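**Q** structure for this input, please:
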Amino acid sequence: MKITVGDKAPDFTLPSQMGDNVTLSEYFGKKNIVLYFYPKDETRGCTREACEFRDSYDIFTSLGAEVLGVSSDTLESHQSFATHHGLPFLLLSDEKDEVRKLYGVPSTMGIIPGRVTYIIDKKGIVRHIFNSQFQPEKHIEEALKILKELEKE
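**A** Alright, predicted model coming up:
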């Protein structure tokens, strides 16, 4: 299944680095969501991307959005990664790649988990999808642009 713009975002529950379960639909009606899938904690591109989200986090929250990062890393890996880089948002552990498959996130060269960001509005509708394995910082730029457009609606 591949999610496209205009689709209702598939609901899921995954554990976060804080040790609690996070359910996507809990944000519906309250916040826009920046759901970003990334390959692996502590790799160069993923660290740059996470730190860009961190550095822009206040802007995201001022636009009424919450940032959620998803990879197949373990909770322990997420805890270490978030602490090491001072990440203020939740990292969700999708160890079996079930949510990645649910959203149809493609892999690169068939082996590297894809880097895809979904902007989901307060109603739970996917408003934008950005897929770029090799431009991690562009994900933040794209997300902010779309959230600013949503704010005008």
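
**Q** which stretches of the chain have low pLDDT?
**A** 1 (pLDDT under 70).

**Q** show me what counts as buried in stretch 135-152.
**A** Buried residues in stretch 135-152, counting neighbours by 16 or more other C-beta atoms under 10 Å, are found at 136, 139-140, 142-144, 146-147, 150. Every C-beta, even on glycine, is put in place using the N, C-alpha and C of the backbone.

**Q** kindly report the same for stretch 25-38.
**A** Neighbour-count burial for stretch 25-38 [16+ other C-beta under 10 Å]: 27-28, 31-38.

**Q** just stretch 67-74 next, same as before
**A** Residues of stretch 67-74 classed as buried by neighbour count (16+ other C-beta under 10 Å): 67-73.

**Q** quick one: contacts of stretch 62-71?
**A** Where contact means C-beta atoms under 8 Å, 6 or more residues apart in numbering, the residues beyond stretch 62-71 that reach it are 14, 22, 24, 27, 31-41, 46, 50, 53, 57, 60, 78, 87, 89-94, 99-100, 113, 122, 143-144, 147-148, 150-151.

**Q** residue 73 against residue 38, yeah?
**A** No: in this structure residue 73 lies outside contact range of residue 38 using C-beta atoms under 8 Å: 9.3 Å.

**Q** got the phi and psi for the residue most central in space within the chain?
**A** For the chain, the residue whose C-alpha lies nearest the mean C-alpha position (C-alpha atoms, centre = their mean) is residue 36; its distance is 2.0 Å. Reported as degrees, to the nearest 10, the phi and psi values for residue 36 are phi -120, psi 130.

**Q** much appreciated, bye for now.
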